[in-house]
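Asker: after the sequence you'll find the predicted model.
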Amino acid sequence: MMSSQPMDLAELALDEAGSRIAAASIKTLDLAALAHVEPTPKQFIVPKFAPAGEVTLFTGPGGAGKSLLAQQLATSVAAGVSTLGLELRQSPALYLTCEDDADELHWRQKHICKMLGVRMESLAEKLHLSSLRGNLNNALGMDGKGDEFELTPAYTRLTEKVRQAGAKFVALDNIAHLFVGNENDRGSVTRFVNALNRLAGETGAAVVLLGHPNKTGDTYSGSTAWLNAVRSQFTLNHDLQTNMRTLTIGKANYAQMGDSIRLAWLDWAFIHEDELPPDTARSIEETARARTEDMAFMRCLAACTERRRNVSHQPGSNYAPKIFAAMTEAQGIKKSAFESAMERLLYRAEIELDVELWKGSNRHFKRGIQATDRNR
């Protein structure tokens, strides 16, 4: 019968031979030899964003274009052409999706190739696109008994594909299909990421794992173990008003955290902000400026409403654009810009004119501009 008493440490002692074997199993660096070797910096498959031999977490809200961008990066690596201002060295690449079908991949690829100036046929045996949509067994691993993490046949298939293709950039789209554990369980998440780190380390590939942010505003979903388990992470954010995106490094053990790239969606591909056609760039700039002016108008209107100061669309002592231009909340926006903003907001039914607001000291209603119900 097993004793319930703690085991005496002496019982764990090894004989001399066993001790040497146990100690030798933990390898340490030979600093004497390394002192005469010049160290090499971490290599990147995608400069700053995706280091070789590591798992990188790529997150962003739905509709931002993560899948499109991942396929574009894979194409650029496979073709050895620059994209979004990033200089890329040619290497085989693999983009695997569990959400889009083959027709969607083909559609995207045609437009990506057009944007990059690459012939699609030139990518044969260099770019590997795979759709697993509809497959029921896409999970790469699952928790077994105790703390065991059991790799699945899907992991074996992926590993062999990466090796046979010689892929150095591997984008996996996305976590929800490939990970079936509890995303709030640190142990489960860490074991899953470690399995992918093994694949990255053994093949030298940059493994980019796509995922969604959570509802609280974090750039990843579930446990913070996702961020802790990877060595790098970047996120794609979408400006819905201008169709511009910002690609930002969120975690970077091997690069500068906070570095970002501004890019635009154009004809089913992404292009760097500085490479936009003049007319398109001008249109985006005008849209962004108009949005800033509209937001300032609504901000000033809210401040006036809170202070019980009624403003009007009619020129006079309480003319809204004139009053707003002198307010701190205007942040330097001029009267003429507020006049344009007022017309846009009225057209979009975001403000109402000549509304009864509140009773003044003479018991008569003060009238003026008011935000519509959806903007209060």
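Answerer: Cool, the structure landed.

Asker: which helix or strand contains the spatially closest residue to Ala229 that is not a sequence neighbour?
Answerer: Nearest residue to Ala229, sequence neighbours excluded (C-beta to C-beta, 6 or more residues apart in numbering): Val193, at 3.7 Å. All C-beta spots, glycine's among them, are computed from the backbone N, C-alpha and C. Using DSSP states H and E, Val193 falls within helix 186-203.

Asker: so for that helix, what's the average pLDDT?
Answerer: The average pLDDT within helix 186-203 is 91.

Asker: next helix or strand past it?
Answerer: strand 206-211.

Asker: now do that next one against helix 186-203, angle only.
Answerer: On the basis of axes from the mean of the first three to the mean of the last three C-alpha atoms, to 10 degrees, strand 206-211 is oriented at 150 degrees to helix 186-203.

Asker: show me what strand 206-211 is packed against.
Answerer: If contacts are counted by 3 or more C-beta pairs under 8 Å, 6 or more residues apart in numbering; DSSP states H and E, strand 206-211 sits against strand 44-46, strand 50-51, strand 55-59, helix 66-79, strand 169-173, helix 175-178, helix 186-203.

Asker: any chance of TSV for those, columns mean neighbour count and distance to Leu105?
Answerer: Shown next, in TSV, are the helices and strands packed on strand 206-211 (neighbours: other C-beta atoms under 10 Å; distance: least, C-beta to C-beta, whole Å):
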stretch	mean neighbour count	distance to Leu105
strand 44-46	23	20
strand 50-51	24	20
strand 55-59	26	18
helix 66-79	25	7
strand 169-173	27	11
helix 175-178	20	15
helix 186-203	19	22
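
Asker: for Asn310, which of these is the nearest?
Answerer: Each of the helices and strands packed on strand 206-211 has some distance to Asn310 by C-beta to C-beta; the shortest is strand 55-59, at 45.3 Å.

Asker: which residues touch that closest one?
Answerer: Residues outside strand 55-59 that contact it (C-beta atoms under 8 Å, 6 or more residues apart in numbering): 49-50, 66, 70, 171, 193, 196-197, 200, 206-213, 219-221, 226-227, 229-236, 250-251.

Asker: neighbouring strands of it in the sheet, and parallel or not?
Answerer: strand 206-211 (parallel), strand 232-239 (parallel) (DSSP bridges).

Asker: coming back round to it: so which of the helices and strands packed on strand 206-211 is nearest Glu286?
Answerer: helix 66-79 (25.0 Å).

Asker: alpha carbons of that closest one, as PDB, please.
Answerer: Provided in PDB are the C-alpha atoms of helix 66-79 (Å, rounded to 0.1, in the frame of the first residue of the first chain):
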ATOM      1  CA  LYS A  66      -6.800  39.400 -42.600                       C
ATOM      2  CA  SER A  67      -7.400  36.500 -44.900                       C
ATOM      3  CA  LEU A  68      -6.700  38.600 -48.000                       C
ATOM      4  CA  LEU A  69      -3.600  40.100 -46.500                       C
ATOM      5  CA  ALA A  70      -2.300  36.700 -45.400                       C
ATOM      6  CA  GLN A  71      -2.700  35.400 -49.000                       C
ATOM      7  CA  GLN A  72      -1.100  38.500 -50.400                       C
ATOM      8  CA  LEU A  73       1.900  38.200 -48.100                       C
ATOM      9  CA  ALA A  74       2.200  34.500 -49.100                       C
ATOM     10  CA  THR A  75       2.100  35.500 -52.700                       C
ATOM     11  CA  SER A  76       4.700  38.100 -52.300                       C
ATOM     12  CA  VAL A  77       7.100  35.700 -50.500                       C
ATOM     13  CA  ALA A  78       6.500  33.000 -53.100                       C
ATOM     14  CA  ALA A  79       7.200  35.500 -55.900                       C
END
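
Asker: which other helices and strands does it contact?
Answerer: strand 44-46, strand 55-59, strand 93-97, helix 102-116, strand 127-131, strand 169-173, strand 206-211, strand 270-272.

Asker: dump those to JSON lines, plus mean pLDDT.
Answerer: Converted to JSON lines, those look like this (pLDDT from 0 to 100):
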{"stretch": "strand 44-46", "mean pLDDT": "95"}
{"stretch": "strand 55-59", "mean pLDDT": "95"}
{"stretch": "strand 93-97", "mean pLDDT": "98"}
{"stretch": "helix 102-116", "mean pLDDT": "97"}
{"stretch": "strand 127-131", "mean pLDDT": "98"}
{"stretch": "strand 169-173", "mean pLDDT": "97"}
{"stretch": "strand 206-211", "mean pLDDT": "96"}
{"stretch": "strand 270-272", "mean pLDDT": "94"}
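
Asker: can you add distance to Gly258 and give the ones you listed back as JSON lines?
Answerer: Shown next, in JSON lines, are the helices and strands packed on helix 66-79 (distance: least, C-beta to C-beta, whole Å):
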{"stretch": "strand 44-46", "distance to Gly258": "17"}
{"stretch": "strand 55-59", "distance to Gly258": "16"}
{"stretch": "strand 93-97", "distance to Gly258": "27"}
{"stretch": "helix 102-116", "distance to Gly258": "27"}
{"stretch": "strand 127-131", "distance to Gly258": "31"}
{"stretch": "strand 169-173", "distance to Gly258": "23"}
{"stretch": "strand 206-211", "distance to Gly258": "19"}
{"stretch": "strand 270-272", "distance to Gly258": "18"}
